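K.L.:
Fold the following and give me the result.
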Amino acid sequence: MTLPKLEALARALPLEDAVRIELREGIPMFRATPRIQDRIEESLEKQAEASLSDEDERELDRYEALDEFLSLVNRLVRDTTQPGGQALARTA
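P.N.:
Have a look, this model is predicted:
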C-alpha cells in the first residue's frame, strides 16, 4: 500500500473547509465538504463536455488525491474499530 505524499497534498489543497467528520454508527468518517464535492462535480461535468485547462486538470487531480487519502483513512478507522483490530494485523 502506498500513501499519498501528504506534504504535497497539504500544499496543493485549500485545507480550510475541505474535510468534515461524520459519525456513522459511532465511527468517525472523513468526507470532503459539500463545497469541495460541488467543485469536483463541476469539474467532472466540464471535463465531460470539453477538455479541461491544465489548471483545472491539476485541481481535479488534487481532489482525486484527497479522495484517495480520505478513503484510506476511513478504511483504517473502520478496520481498527472492528473487534480484533484487523487492520493492525494486515498493515504490520
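K.L.:
Enumerate every residue touching the residue nearest in space to the middle of the chain.
P.N.:
Computing the C-alpha centroid of the chain and ranking residues by Cα atoms, centre = their mean puts residue 67 first, at 2.2 Å. Neighbouring residues of residue 67 by Cβ atoms under 8 Å, 6 or more residues apart in numbering: 32, 40. The C-beta positions use only the backbone N, C-alpha and C, and glycine is treated the same way.
K.L.:
residue boundaries of the helices in this protein?
P.N.:
Secondary structure of the chain, counting by DSSP state H: helices at 6-12, 34-49, 54-81, 86-91.
K.L.:
ranking those helices by mean pLDDT, which is last?
P.N.:
Among those, helix 86-91 has the lowest mean pLDDT, at a mean of 46.
K.L.:
Would you format the helices of the chain as a markdown table with distance to residue 19 included?
P.N.:
Formatted as a markdown table, the helices of the chain follow (distance: least, Cβ to Cβ, whole Å):
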| stretch | distance to residue 19 |
| --- | --- |
| helix 6-12 | 11 |
| helix 34-49 | 8 |
| helix 54-81 | 7 |
| helix 86-91 | 20 |
